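Trainee: task: produce atomic coordinates for the following.
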Amino acid sequence: MNNLWLIAVLALCLPLVLFALSLQPELGGPPGMLPSLQAKVAVYEVRPGDTLAGIASRYGVPVSWLIVSNNLSTTTIYPGQRLLIPKNGVIHIVKPGETLKEIAAKYGVSEESLREANGLRADPPAGTSLFVPNPQTVPTLEWGATEFVWPVHGPISSPFGPRIHPIYGVPSFHTGIDIAVPEGTPVRAAASGTVTFAGWHEGFGVLVVIDHGNGYESYYAHLSKLLVSAGQSISAGDVIALSGNTGLSTGPHLHFEVRYFGTPVDPRPLLP
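Mentor: Sure, this is the predicted structure:
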């Protein structure tokens, strides 16, 4: 009797166990990746109903990391498609003539961390799949290109990338560019879109965030006055606020930031 009960329980539980296991990615990386890095990458087979955002959320990685690691030309995925799921990083395929120094700069990481993560002493040959640990930024892809205009005109007082924090005095990563302008300067939308946030934000001070579609958002921080509200549709060049010196700021300027699927990217290549 006990054996029959045990068999019945196993019969009920086995399908659930098999389903749960089917959702787990396989271990193993792409061709060209060094064998020592196989454990840092998994392969997931897309199932009906899956979305790229859903898969990214499930495995706790930004959508932009999946786009770059899989060299996707669209966010549309299909059942049976196999996606690389890197753990705490992205996969970069080395292009002809590309150096570790150039790759490190592209992702906002140190050249040394790139060497250590991949066990390299020299620049790898073209076609090698590199693991880039914890990138601060990712390169944008042509399919997602959005045309931007300058939100204000003035000298860049602090560029995108590593720096010493102007207030805390510690090494940090600047996720945008600071444009020095007098307080009260009209700030214009860098591209058309919808305002998703307009208000006070810790650190940013008075902040406006605009969603431009194609995975792009723009941030305008340290403002003195808001001229738009959340939910409002905006055209490129519309005045959305006045610049200021609010939040964690050392003087009047505009902090301008662009995010691509949630990951900060250097705005300058996107600007005319």
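
Trainee: domains in the protein, by residue range?
Mentor: Following automatic domain parsing, the chain resolves into domains at 2-138, 143-270.

Trainee: need the pLDDT of residue 31.
Mentor: As predicted, residue 31 sits at a pLDDT of 52.

Trainee: thinking again about what came up before, now tabulate the domains of the chain in a markdown table and tack on mean neighbour count.
Mentor: Just so you know, the C-beta spots here come from the backbone N, C-alpha and C atoms, and that holds for glycine as well. Shown next, in a markdown table, are the domains of the chain (neighbours: other CB atoms under 10 Å):
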| stretch | mean neighbour count |
| --- | --- |
| domain 2-138 | 15 |
| domain 143-270 | 18 |
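
Trainee: can you flag the weakest of those by average pLDDT?
Mentor: domain 2-138 - the lowest mean pLDDT of the domains of the chain, at a mean of 78.

Trainee: can you pull out the strands in the stretch 151-272 of the chain?
Mentor: Taking DSSP state E, counting those that start in this stretch to define them, one finds strands in the stretch 151-272 of the chain at 156-158, 161-164, 171-174, 177-179, 186-188, 193-201, 205-213, 216-226, 233-234, 239-243, 254-260, 263-265.

Trainee: same list (the ones you listed) but as TSV, adding distance to residue 134.
Mentor: Shown next, in TSV, are the strands of the stretch 151-272 of the chain (distance: least, CB to CB, whole Å):
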stretch	distance to residue 134
strand 156-158	22
strand 161-164	13
strand 171-174	11
strand 177-179	22
strand 186-188	32
strand 193-201	24
strand 205-213	24
strand 216-226	21
strand 233-234	33
strand 239-243	32
strand 254-260	17
strand 263-265	11
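
Trainee: out of these, which gets nearest to residue 95?
Mentor: Smallest distance to residue 95 across the strands of the stretch 151-272 of the chain (CB to CB): 18.6 Å, for strand 263-265.

Trainee: tell me what that closest one is packed against?
Mentor: strand 254-260 (3 or more CB pairs under 8 Å, 6 or more residues apart in numbering; DSSP states H and E).

Trainee: neighbouring contacts of the strand it packs on?
Mentor: 64, 138, 140, 144, 148, 151-152, 154, 175-179, 181, 185, 187, 190, 204, 215-223, 243, 249, 264-267, 270 (CB atoms under 8 Å, 6 or more residues apart in numbering).

Trainee: give me that answer again for 6 Å
Mentor: 64, 140, 151-152, 175-179, 181, 187, 215-219, 221-222, 243, 265, 267 (CB atoms under 6 Å, 6 or more residues apart in numbering).

Trainee: could you name the helices and strands sitting against the one helix or strand residue 104 maps to?
Mentor: Residue 104 is part of helix 100-107, with elements assigned from DSSP states H and E. Here helix 100-107 touches helix 111-118, going by 3 or more CB pairs under 6 Å, 6 or more residues apart in numbering; DSSP states H and E.

Trainee: I am finished for the moment; much appreciated.
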